[in-house]
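> Next input, structure requested:
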Amino acid sequence: MRVAIVTESFLPALNGVTTSVCKVLEQLAARGHEAVVIAPGTSPWSPTAAPSHYAGFPIHTVSSVPVRQFRVGLPSYEIETVLHRFRPDVVHVASPFVLGVRGLTAARALDLPSVAVYQTDMPSYIRQHSGPMGDLTARAAWRWIRRIHSQADLTLAPSTAALADLTAHDVPRVALWGRGVDADLFHPDRRERPEVAALRRRLAPDGELLLGYVGRLAPEKELHRMAELAGIAGARLVVVGEGPSREELQQLLPDTVFLGRREGAELADCYAAMDVFVHTGTRETFGQTLQEAAAAGLPVVAPRRGGPVDLVQDGVSGHLFDPDVPGALAAAVARLVEDGHGAAESTAERRDRMGRAGRARVQERSWPHLVDQLLGHYQHAIARVPVRVA
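Residues are numbered from 1 along each chain as shown. Alright, predicted model coming up:
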């Protein structure tokens with residue numbers, strides 16, 4: 001199969017969209033398929049170049065401009081030229097909003113089947129940053145999303161919550177497609193590595209339990225909620241990631257360790273050093289870091305909203321808290337840190353039990369399995385056959 005991927009984000013940017021595209025490319029290469037990628041390129045404000053190839057496939061970049069530390073690709077007729085020359089069987093558009101719109105329009109003009117992957121809850125982000133006009137601008141964003149995705153033969157949602165949102169806003173032809181996780185890289189056995197033991201000694205010199213967060217440091221992640229955790233005795237918060245909110249968060253959370261951005265084995269070691277994984281954002285369409293934490297054998301605490309509802313089995317693999325109730329996050333984390341008198345199991349036993357349960361669940365979500373599903377969705381789009389939504 002010949003697959004053209006038009007993506008709003010790609011290397012060197014690291015985020016959920018980039019990770020998903022890279023994993024799909026790796027699996028397409030392993031299966032002998034052909035692919036090309038169209039992605040935002042460099043700009044005068046962003047000198048770091050995108051790679052010319054990935055997994056053996058060419059990367060065609062278009063001009064971009066910076067928006068809140070993201071490179072936003074500019075719509076261009078170059079996309080039609082690349083698609084016309086490559087002649088793909090299907091066009092895969094990752095998280096379309098600007099560049100991806102042009103990709104869908106080009107696919108439609110060339111009569112090419114298209115699959116759009118919905119990955120970012122843009123209306124919620126816009127509502128959060130629009131002040132008194134938030135609801136109005138969010139409704140406008142949903143109209144834009146509906147217009148974008150109506151051009152696709154099939155739209156894939158990463159979670160049941162995202163699928164319900166798309167359906168409620170009359171986006172046609174939707175189906176469920178999750179995200180894979182590297183269960184070999186993120187593995188409980190990494191805790192035995194000398195590097196992880198050394199990291200724990202540095203982060204918890206007095207034997208503190210480590211509460212960890214991994215992800216972008218930005219307002220939409222709602223990391224201000226972490227301030228609730230300051231009163232939990234014997235615990236220390238560790239934050240992995242970068243973003244525009246770092247300086248503000250360092251002032252809000254003065255006793256927190258900020259490790260900056262980590263990748264690959266270093267990131268896996270960070271997960272392995274943690275005892276509990278904590279997530280705060282209520283606008284996640286999925287939550288890839290929650291999967292990585294579960295694969296590493298960690299109990300996960302996350303809001304009972306959006307993508308985490310699919311990923312965390314409350315009371316089994318972690319806890320879901322009500323984000324509308326002040327103190328609910330701290331109470332959920334405390335159940336994994338503070339031992340109660342007469343409890344049937346210690347918090348250490350509870351963490352271990354939940355970590356094993358979470359690990360068992362994510363082992364069914366390998367990237368090879370997820371890309372097998374994706375290839376099936378491609379075939380539906382090529383045949384222009386509606387997908388039955390359970």
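> now the helix or strand containing residue 277: mean pLDDT?
Using DSSP states H and E, residue 277 sits in strand 276-278. The average pLDDT for strand 276-278 rounds to 98.
> Equivalent analysis for stretch 10-18, please.
On average, stretch 10-18 scores 86.
> try stretch 319-338
pLDDT averaged over stretch 319-338 gives 97.
> burial of the closest residue to residue 169 other than its chain neighbours, as a residue count?
Counting by Cβ to Cβ, 6 or more residues apart in numbering, residue 169 lies nearest to residue 142, which is 4.7 Å off, once chain neighbours are set aside. Backbone N, C-alpha and C define where each C-beta goes, glycine included. Applying other Cβ atoms under 10 Å, we find 19 other residues in the vicinity of residue 142.
> hmm, who's touching the strand or helix carrying residue 142?
Using DSSP H and E, residue 142 sits within helix 134-149. Helix 134-149 is contacted from outside by 96-97, 100-101, 104, 116, 118, 122-124, 126-128, 130, 155, 166, 169-172, 174, using Cβ atoms under 8 Å, 6 or more residues apart in numbering.
> and stretch 97-117, average pLDDT?
pLDDT averaged over stretch 97-117 gives 94.
> measure it end to end?
One end of stretch 97-117 to the other measures 11 Å (Cα to Cα, to the nearest Å).
> Now do the buried residues in it.
Buried residues in stretch 97-117, counting neighbours by 16 or more other Cβ atoms under 10 Å, are found at 97-107, 112-117.
> Next step: the residues you listed restricted to strands.
114, 115, 116, 117 (DSSP state E).
> between these, which is nearest residue 313?
Each of those was checked against residue 313 using Cβ to Cβ; the closest is residue 117, at 25.2 Å.
> what's near enough to touch that closest one?
Residue 117 neighbours (Cβ under 8 Å, 6+ apart): 20, 92, 93, 94, 95, 155, 156, 158, 177.
> Closest one of the residues you listed to residue 355?
Using Cβ to Cβ, those come closest to residue 355 at residue 158, 23.3 Å.
> What sits closest to the closest one if chain neighbours are left out?
Sequence neighbours aside, residue 286 is the residue nearest to residue 158 in space, at 3.8 Å (criterion: Cβ to Cβ, 6+ apart).
> In contact with that neighbour, which residues?
16, 119, 158, 159, 162, 178, 179, 307, 310, 311.
> Looking at those, which one is closest to residue 49?
Closest to residue 49, out of all of those and judged by Cβ to Cβ, is residue 16, at 21.7 Å.
> Counting neighbours, what do you get for the closest one?
Under the neighbour criterion other Cβ under 10 Å, residue 16 is assigned a count of 22.
> returning to what we had before: just the ones of the contacts of helix 134-149 in helices?
100, 101, 104, 122, 123, 124, 126, 127, 128, 166 (DSSP state H).
> and the least confident of the residues you listed?
Out of these, that is residue 128, at 67.
> can I assume residue 223 is in contact with residue 280?
Yes. Assessed by Cβ atoms under 8 Å, residue 223 is found in contact with residue 280 at 5.6 Å.
> Comparing these two, which residue is more hemmed in?
residue 223 (27 against 21).
> ok, now how distant is that one from residue 145?
The spacing between residue 223 and residue 145, counted by Cβ to Cβ, to the nearest Å, is 26 Å.
> Check residue 314 too.
Applying Cβ to Cβ, the value for residue 314 to residue 145 is 30 Å.
> Outline the domain layout of the chain.
2-180+366-383, 188-362 (automatic domain parsing).
> can you give me the end-to-end distance of the shortest one?
Across its full length, domain 188-362 reaches 13 Å between end residues, using Cα to Cα.
> That one: how far from the chain's middle?
Relative to the centre of its chain, domain 188-362 is centred 16 Å away, using Cα atoms, centre = their mean, to the nearest Å.
> re earlier: is it possible to mark the buried ones in the contacts of helix 134-149?
96-97, 100-101, 104, 116, 118, 122-124, 126-127, 155, 166, 171, 174.
> between those residues, which is nearest residue 80?
residue 104 (11.8 Å).
> Hmm, that closest one is touching residue 93, no?
Yes. At 5.6 Å, residue 104 and residue 93 qualify as touching, with contact defined as Cβ under 8 Å.
> Please enumerate the shared neighbours of the two.
Shared contacts of residue 104 and residue 93, counting by Cβ under 8 Å, 6+ apart, come down to 6, 114, 116, 152.
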